[in-house]
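In: heads up, no residue letters with this:
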């Protein structure tokens, strides 16, 4: 079930079932702590965070949540967690809050923000 909401990330979260809501709230907290200067908004019906360019997004897909990185192909992924076949975007599928790897996700967020920052220098 895809959830597409116009407006705010809070509206997006409110539209989710409780299990997905828990995942998105936890991810949002990690994002705010890892890249506190990032701006959040709804783009293409899903939450996105930008800092000198697109950093990450959260979107619903089937029965799970995808945590996506716009420059995912450039991120260090020693455990092979990132999925996808596009030119740049990669994501991690999350079925429950237990699937969240806080340390790894924090590292990716910081790495992605640094990639964007390097492009502006």
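Out: Happy to help now that I have it. Remember, it's a predicted structure, so these values are computed and weren't measured experimentally.

In: pLDDT of stretch 57-72, averaged?
Out: This predicted structure assigns stretch 57-72 an average pLDDT of 95.

In: One more: stretch 82-101?
Out: Computed over stretch 82-101, the mean pLDDT rounds to 96.

In: Then stretch 20-32?
Out: For stretch 20-32, mean pLDDT rounds to 98.

In: Can you mark which positions in that stretch are buried?
Out: Going by neighbour count (16 or more other Cβ atoms under 10 Å), the buried part of stretch 20-32 is 20, 21, 22, 23, 24, 26, 27, 28, 30, 31. Glycine gets a C-beta too; all of them are placed from N, C-alpha and C.

In: Now do the same contact list for the closest residue to residue 39 other than its chain neighbours.
Out: Counting by Cβ to Cβ, 6 or more residues apart in numbering, residue 50 is the residue found nearest to residue 39 once chain neighbours are left out, at 5.2 Å. Under the criterion of Cβ atoms under 8 Å, 6 or more residues apart in numbering, the contact partners of residue 50 comprise 38, 39, 40, 41.

In: State the distance from residue 50 to residue 83.
Out: The span separating residue 50 from residue 83 equals 22 Å under the rule Cβ to Cβ, to the nearest Å.

In: Good, wrapping up.
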